[in-house]
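In: Provided below are the primary sequence and the corresponding predicted coordinates.
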Amino acid sequence: MRTFLYTVLLALSFTGVALAAGTQYTMRVDGLACPYCAYGIEKKLKQIDGVRNIDIDLNSGVVQVQTAEDVELSDAQMKKLFNDAGFTFRSMRKAPL
């Protein structure tokens with residue numbers, strides 16, 4: 001019985017690691033000048049299902065977004081989002097978490 005419990009716990013721990021996987025997107029954006037700008041962008045990004053974490057560096061114009069594994073952000077989608085908010089989308093890099 002004890003061996004069975006250890007096996008189940010081990011299997012569950014691997015499942016948790018797999019579920020935590022996702023993607024980190026790093027985007028360069030022009031025009032981010034103040035905390036209010038960052039708040040507006042954060043609000044728009046949070047409307048996308050599967051967005052987990054958002055980090056915005058106003059000084060460098062870098063927006064980092066972590067998403068769930070099954071969420072894919074496209075250049076066209078981000079260009080529209082940032083342009084609609086009044087900013088200029090420059091580029092996006094994608095990396096697994």
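Out: Received, thanks.

In: how about the CA coordinates for the strand or helix carrying residue 54, as PDB?
Out: Element membership for residue 54, per DSSP states H and E: strand 51-57. Taking C-alpha atoms only, strand 51-57 is exported to PDB below (Å, rounded to 0.1, in the frame of the first residue of the first chain):
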ATOM      1  CA  VAL A  51      -2.400  35.100 -19.900                       C
ATOM      2  CA  ARG A  52      -0.800  34.400 -16.500                       C
ATOM      3  CA  ASN A  53       1.700  37.000 -15.700                       C
ATOM      4  CA  ILE A  54       2.500  40.500 -17.200                       C
ATOM      5  CA  ASP A  55       5.600  42.500 -16.500                       C
ATOM      6  CA  ILE A  56       6.100  45.900 -18.100                       C
ATOM      7  CA  ASP A  57       9.400  47.900 -18.000                       C
END
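
In: What is the burial count for the residue lying closest to residue 70 once chain neighbours are set aside?
Out: Of all residues not flanking residue 70 in the chain, residue 50 sits nearest, at 6.6 Å (C-beta to C-beta, 6 or more residues apart in numbering). Placement of C-beta: from N, CA and C, glycine included. For residue 50, the count of nearby residues is 14 (other C-beta atoms under 10 Å).
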